[in-house]
Every structure is written in structure tokens, then in C-alpha cells.
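Asks: One predicted model, sequence on top.
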Amino acid sequence: MRKLMAVIALMLAAAMGLAACGTPTNRYAVSEPPPLYRAGPPLPNGAIREPADAHQAQSLAEREPLGSLAPTGDSPEELVPDLVKRGRIIVGVDQAQHLLSFRNPINGNLEGFEIELAREIAQDVLGSTAHVDFRFVDANDRADALNQGRVDMVIRTMSISRDRQNSVSFSTPYLESNLRMLVPRGSNVRSMDTLGHGTVCVANGSTAVDVARLEAPDSTLLLTESWADCLLALQQFHADAVLADDTILSGMAAQDPSTEMVSLPLYRQQYGVAVKLGNDNLVRQINSTMERIRRDGTWWRIYNDWLADYLATSGPPPLNYREEEPSTEPSAEGN
């Protein structure tokens, strides 16, 4: 029996030796198992991580914005003769805000609520919705684009604030929004309180930055160049939530059904059409369009086409005009 066991052992040893001789050595073989965690995709271009408490949170208590300027009933030829002579208006917009102002990937056209609003303004100034030259402007470049004369107006989710009224002039509001959060479906994050030490994404230069610093002081902020980058960061697990206006989040949710809006409204704001500071006649002309689209139902048509499936509304924001001193100039009849 012992002899038999010895023979078997010798045969096994020989077989293992032959196998070793017949198999070339792999000098690139991994000696240790690969790590379970691997770095994910890089952050969106230009994105910045801001650690918790890196900046002092600023109070959101601002002076109430001034009202806009009421229409006078004058014709476009009297109010904006340069635009009439040129035959087109140049409008600064976004091209990646789904439902609001975005480029349709199928036909390449710019579409959305804000695009149609721009066309309505062109209709009243030039008699055609086609006479609009759209130019992309970055969120941080909106005021400069106006005051340097690169565009005539900006329609790009620009909320009206007293601080911004020091650098640009605004029309009466065309849309209201509330700051809320977008998270992956099934996420435990349901409010700013449950975000904890997580990461929240906001577009740099937006009013959401101060809200995030104030309401989520323990969280890391991911500051991106655009809201589209925030959706990308959420999808690639760089952020636990996006904090933005519900109008903007609606477009994100429509693009990615695996996300959902959560939290109660945190901060209400209104969007206005912005023009170069002091261009009062253009403001009055735009506001005449604002009144017209309320009267004839155009505002509701545009809203229903783009936003009604995602947001409830009580209708267009109330007209908001400031009190003005009566004109002291002599009338034409008195000359």
C-alpha cells in the first residue's frame, strides 16, 4: 500500500513539473487582485469643488427689486428705431436648457419657452417671428454681453434682483420659479437637511450658490459652468443632488427619467428679459409684448407646449411696474 501511494505521489509531481515546463512565464501577471474602487469620469470642464464652510454664507434678504417700466403705446419705430432699421433683434440665450432654451438634436433648431418668447418680441417689433439672431451667452457673461453691445437682450433664466438691477435693466417678469432639488430616484436625500456631508451641484454665478451655502453648510459644493454640467455630474456620481430652479430641474428630469425633484420650495424668484442698463425704450417695447401675450393667450400656449407636463402654474406672473414721475416735456400738441 505504501509503495502504491509513493508511486502516485511521484506521478503527480511529474505531471506538475511537465505542466510548469510547458507553460511560459507571464511576467505581466497581476500579483495582487485589482482594487475594488476605480476613479470615475473626470469632473465637467471648469467645475470646482468647494469644501463645506469655504465661504461665508450671505444673507438672501435683499431689497425688493424695483418694478419695470410700463409701455407707453408708442410704436416700435418711435421706441426702437435702430432695431427696426436693422431688421432683426439679437438675443442672448442658452442652448442646453431643456424645455426653456435648447438645441433640438434632431433638427438642430433652438426651441423652448424662452426661444418662443424671443420670437414673440420680434413679431411685435419687426412683424415676423423669424427675424431673430440667437447668440449663445454664458451665465457669467450675460451682463457684459448686454453692456458691451454684443446682444440687444438676454432671455436666459435671469432672475430679477435688486443687485442685478445695478448692472442691467429688466422687463416685467415672464416666468416664476422655485429653488428645489433633483436627485436620483430612490435616493435617501429628500431635502437640504438630509444632504448632510454630501455634495450638491449648482451653476457658478447663480442665486442657488448662496442658497446652498446658507442651507447646506456641511455639504461640499460642486460649482459648474452650466446647469447641463450639473446633470452630468449627478449621472456620473460626482454629486448627490442638484439645487436649481424647478423650471430648470423640469428639463433635467425630462431628459433623465431616473431622476426626480424633491424638497419643498426653498426660494422663489422671477425671470425677466434683461437689456442694457438704461435702455428704457427697449424695456417698454418688451413690456408691451408681455402685456399682449397675456391678453391673447399666447403665454398659456407657450407654457402648455413646454412646461405644463412638469410644472403646475397659476398663470403668468403679475405685471410689476414702478411709479414714474409725470413727464415734464411739452407735448407735440403744444408746439
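Replies: Perfect, thanks for sending it. Not measured: the values here are computed from a predicted model. Numbers count the residues shown, from 1 in each chain.
Asks: where exactly do the helices run in the stretch 201-335 of the chain?
Replies: Counting by DSSP state H, counting those that start in this stretch, one finds helices in the stretch 201-335 of the chain at the ranges 208-215, 227-235, 246-255, 280-295, 298-306.
Asks: would CSV of those with mean pLDDT be doable?
Replies: Rendered in CSV, the data for these read as follows (pLDDT from 0 to 100):
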stretch, mean pLDDT
helix 208-215, 89
helix 227-235, 94
helix 246-255, 94
helix 280-295, 98
helix 298-306, 98
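Asks: of all those helices, which lies closest to residue 170?
Replies: Taking CB to CB as the criterion, residue 170 comes closest to helix 280-295 out of the helices of the stretch 201-335 of the chain, the separation being 7.4 Å. Using the backbone N, CA and C atoms, a C-beta is placed for each residue, glycine as well.
Asks: which outside residues touch that closest one?
Replies: With contacts defined as CB atoms under 8 Å, 6 or more residues apart in numbering, helix 280-295 is touched by 68-74, 76, 79-80, 83, 117, 120-121, 123-125, 152-153, 169-172, 174, 273, 275-276, 298-299, 302, 316, 319, 321.
Asks: Can you give me the neighbour number for the closest residue to residue 202 other than its chain neighbours?
Replies: Distance criterion CB to CB, 6 or more residues apart in numbering; nearest residue to residue 202, sequence neighbours excluded, is residue 208 at 4.3 Å. Taking other CB atoms under 10 Å as the neighbour definition, residue 208 ends up with a count of 27.
Asks: what sits against residue 208?
Replies: With CB under 8 Å, 6+ apart, residue 208 has these contacts: 179, 202, 243, 244, 245.
Asks: same question, residue 73
Replies: For residue 73, the residues meeting the contact criterion (CB under 8 Å, 6+ apart) are residue 288.
Asks: Give me the secondary structure label for it.
Replies: Under the three-state scheme (DSSP: H, G, I helix; E, B strand; the rest coil), residue 73 adopts coil.
Asks: Counting neighbours, which of the contacts of helix 280-295 end up buried?
Replies: Of all the contacts of helix 280-295 considered here, the ones buried according to neighbour count by 16 or more other CB atoms under 10 Å are 68-71, 76, 79-80, 83, 117, 120-121, 123-125, 152-153, 169-172, 174, 273, 275-276, 298-299, 302, 316, 319.
Asks: Among those, name the ones in strands.
Replies: Among the buried ones among the contacts of helix 280-295, the members falling in strands are 153, 169, 170, 275, 276 (criterion: DSSP state E).
Asks: Let me have the residues you listed in JSON lines, adding pLDDT as columns.
Replies: Listed next are these as JSON lines, based on pLDDT from 0 to 100:
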{"residue": "153", "pLDDT": "98"}
{"residue": "169", "pLDDT": "98"}
{"residue": "170", "pLDDT": "98"}
{"residue": "275", "pLDDT": "98"}
{"residue": "276", "pLDDT": "98"}
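Asks: Need the max-distance pair from those.
Replies: Of all pairs drawn from these, the widest gap by CB to CB lies between 170 and 276 and measures 11.4 Å.
Asks: Provide a list of residues in contact with the residue lying closest to residue 252 once chain neighbours are set aside.
Replies: The shortest distance from residue 252 to any residue that is not its chain neighbour, by CB to CB, 6+ apart, is 4.7 Å, and that residue is residue 231. Contact criterion CB under 8 Å, 6+ apart gives 182, 242, 252, 255, 256, 259 as the residues in contact with residue 231.
Asks: now do 10 Å
Replies: 44, 96, 98, 182, 201, 224, 239, 242, 244, 248-249, 251-253, 255-256, 259 (CB atoms under 10 Å, 6 or more residues apart in numbering).
Asks: Derive a PyMOL selection command for the buried subset of these.
Replies: Remark: buried members of the contacts of residue 231, expressed as a PyMOL selection using 16+ other CB under 10 Å:
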select buried, resi 44+98+182+201+224+239+242+244+248+249+251+252+253+256+259
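Asks: mind giving me the domain split of this structure?
Replies: 48-54+177-268, 76-176+270-313 (automatic domain parsing).
Asks: circling back: now the common contact residues for residue 170 and residue 276.
Replies: Between them, residue 170 and residue 276 share these contacting residues under CB under 10 Å, 6+ apart: 154, 283.
Asks: part of a strand, is residue 92?
Replies: Yes. Per three-state DSSP, residue 92 lies within a strand segment.
Asks: Pull the contacting residues for residue 164.
Replies: Neighbour list for residue 164: 62, 65, 142, 143, 158, 170, 207, 272, 274 [criterion: CB under 10 Å, 6+ apart].
Asks: So, low pLDDT: which residues of the chain?
Replies: Counting by pLDDT under 70, the chain contains low-confidence ranges at 1-40, 53-63, 327-335.
Asks: what residue is smack in the middle of it?
Replies: For the chain, residue 227 is the residue whose C-alpha lies nearest the centre (CA atoms, centre = their mean; 3.9 Å).
Asks: I'd like the distance between residue 214 and residue 179.
Replies: Look at residue 214 and residue 179: by CB to CB, to the nearest Å, they are 11 Å apart.
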